[in-house]
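Student: Sequence and computational prediction follow.
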Amino acid sequence: MAKKLITFGEVMMRLSPPGYEKFSQASSFELVYGGGEANVAISCAYLGMKAAHITRFPDNALGKAATQFLRKHWLSTEHVIYGDDMLGKYFLEKGAVHRPSEVIYEREGSSFSLIKPSMVNWENILKDADWFHWTGITPAISEGAAQCCLDAINTANKMGITVSGDINSRSNMWKYGKSMQEVIPELVKNCDVVITSSRGIREMFDLGEFDDKFQSLAKQLITLFPNIKKVVKKTRRTLSASHHQIQGKLWNGEAYIKSEMLNITHIIDRVGTGDAFAAGLIYGLLHYDDARAIEFASAACALKHTVPGDVNTVSLQNVQSLMDGDTSGAIRR
């Protein structure tokens, strides 16, 4: 039977100038929907898992259109909540070669930011799940979103469901009176798998020194929170906006495992690649050993760079092929 993933977080409307135009050149915008956690769920659905995303949309035509987007990509939306009238959005100007991408957010006062714990029945939502995933973006949006996330983690713990958190720090998002250092540790302490960075561990948990390597910091994080079983990092080397190199790293308390470095020479869309990595890791840890799981995650991440939009729609066969060394991109007939 297919494994089931539940994710929780905001879904936004993404508006981009056509191709690689700058904002100042645009006379129209391309529209897609995306959000870190939903991107993970969609990626896992395309890999063959069951997946549902929990969010709150405005009770209007835009909220229904965003719901339709989730359904189109194989997600269950039976637990989507509706209320208020604003859908969060962001504007993306895609970079190329030496010009970086630029993102502008408009999400304050969105329907999701006004979510309250009383609106969500986590025991009902998680009753047949194998895995729950959240990111550090969600608790930064509002106190209500943070409490909902904590309730989900606690409920998953009681039900024996694996919990993963992707928690790289974004200090500029925390605007409702609490800092990430106050909120994130309480969420992380009962996670099984944590995806983060060396900087994230230092800044959010006040661990280590500036020049400490990731393996050392991961060990310190597990010492602080013994319930964590694996700490994972995606390393990105940016040679230009169009040429990156990707490598996954995992510490499981006994071994430090690295994937092969993957060279991505012609980037189509950079957004959502971290979410593709998280989805690949979840699928990999549910189906393989740790070494193969981190290779799978890195391959899924690399392939997302070739897919326009926020979400990774590649198949299980695509990821397995790249993981096993087929970098030819040869046509399949």
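Tutor: Alright, I've got the coordinates. Residues are numbered from 1 along each chain as shown.
Student: you'd agree V32 is up against D310?
Tutor: Yes. In this structure, V32 is within contact of D310 by CB atoms under 8 Å, at 6.1 Å. Just so you know, the C-beta spots here come from the backbone N, C-alpha and C atoms, and that holds for glycine as well.
Student: any common contacting residues for the two?
Tutor: Both V32 and D310 are in contact with R14, where contact means CB atoms under 8 Å, 6 or more residues apart in numbering.
Student: Looking at these two, which is more packed in?
Tutor: Taking neighbours as other CB atoms under 10 Å, V32 and D310 compare with D310 leading, 26 against 18.
Student: List the residues that contact the residue lying closest to that one once chain neighbours are set aside.
Tutor: Distance criterion CB to CB, 6 or more residues apart in numbering; nearest residue to D310, sequence neighbours excluded, is G34 at 2.6 Å. By CB under 8 Å, 6+ apart, the contact list for G34 reads V11, M12, R14, V271, G272, G309, D310, V311.
Student: how about stretch 318-332: buried residues?
Tutor: N318, V319, S321, L322, M323 (16 or more other CB atoms under 10 Å).
Student: CA atoms of the stretch of helix or strand the fourth one belongs to as PDB?
Tutor: L322 is located in helix 316-323, with elements delineated by DSSP states H and E. Included here for helix 316-323 are C-alpha records, laid out as PDB according to Å, rounded to 0.1, in the frame of the first residue of the first chain:
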ATOM      1  CA  LEU A 316       9.800   8.000  -9.800                       C
ATOM      2  CA  GLN A 317      11.500   6.600 -12.900                       C
ATOM      3  CA  ASN A 318      13.100  10.000 -13.700                       C
ATOM      4  CA  VAL A 319      14.600  10.300 -10.300                       C
ATOM      5  CA  GLN A 320      15.800   6.700 -10.100                       C
ATOM      6  CA  SER A 321      17.500   7.000 -13.500                       C
ATOM      7  CA  LEU A 322      19.400  10.100 -12.500                       C
ATOM      8  CA  MET A 323      20.200   8.500  -9.100                       C
END
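Student: So what's the gap between it and the chain middle?
Tutor: 20 Å (CA atoms, centre = their mean, to the nearest Å).
Student: what's the neighbour count on the closest residue in space to G35 that isn't next to it in sequence?
Tutor: With sequence-adjacent residues excluded and distances taken as CB to CB, 6+ apart, G35 is closest to V11, at 4.0 Å. Residues within reach of V11, counting by other CB under 10 Å, total 28.
Student: Over to the one 5 residues further on?
Tutor: Look at S16: counted by other CB under 10 Å, it has 24 neighbours.
Student: Need the nearest residue in space to it, chain neighbours excluded.
Tutor: Spatially, and ignoring its direct neighbours in sequence, S16 is nearest to L92 (4.5 Å; CB to CB, 6+ apart).
Student: And the pLDDT at the nearest residue to N39 once chain neighbours are set aside?
Tutor: Nearest non-adjacent residue to N39, counting by CB to CB, 6+ apart: D275, 3.6 Å away. As predicted, D275 sits at a pLDDT of 96.
Student: quick one: D275 and A297, what's the gap?
Tutor: Per CB to CB, to the nearest Å, D275 is found 11 Å from A297.
Student: residues in contact with the helix or strand containing the residue nearest to S16?
Tutor: Assigned by DSSP H and E, L92 belongs to strand 89-93. The contact list for strand 89-93 (CB under 8 Å, 6+ apart) reads 12-17, 21-23, 29, 101-107, 271.
Student: again, only using 6 Å
Tutor: Strand 89-93 is contacted from outside by M12, M13, R14, L15, S16, K22, F23, E102, V103, I104, Y105, E106, using CB atoms under 6 Å, 6 or more residues apart in numbering.
Student: Can you list the residue ranges for strands in the stretch 201-333 of the chain?
Tutor: Taking DSSP state E, counting those that start in this stretch as the criterion, the stretch 201-333 of the chain carries its strands at 230-240, 243-251, 256-258, 262-264.
Student: related to what we said a few turns ago, looking at the contacts of G34, which is nearest S113?
Tutor: Among the contacts of G34, M12 lies closest to S113 (CB to CB), at 11.0 Å.
Student: which residues pair with that closest one across the strands?
Tutor: Under DSSP bridges, the beta-bridge partners of M12 are G34.
Student: D206 versus that one, what's the distance?
Tutor: Per CB to CB, M12 is found 31 Å from D206.
Student: Mind checking which of these two has more residues around it?
Tutor: The neighbour comparison of M12 against D206 (other CB under 10 Å) goes to M12, with 23 against 10.
Student: Nearest to W122, out of the buried residues of stretch 318-332: which one, please.
Tutor: Among the buried residues of stretch 318-332, and counting by CB to CB, the member closest to W122 is V319, at 30.3 Å.
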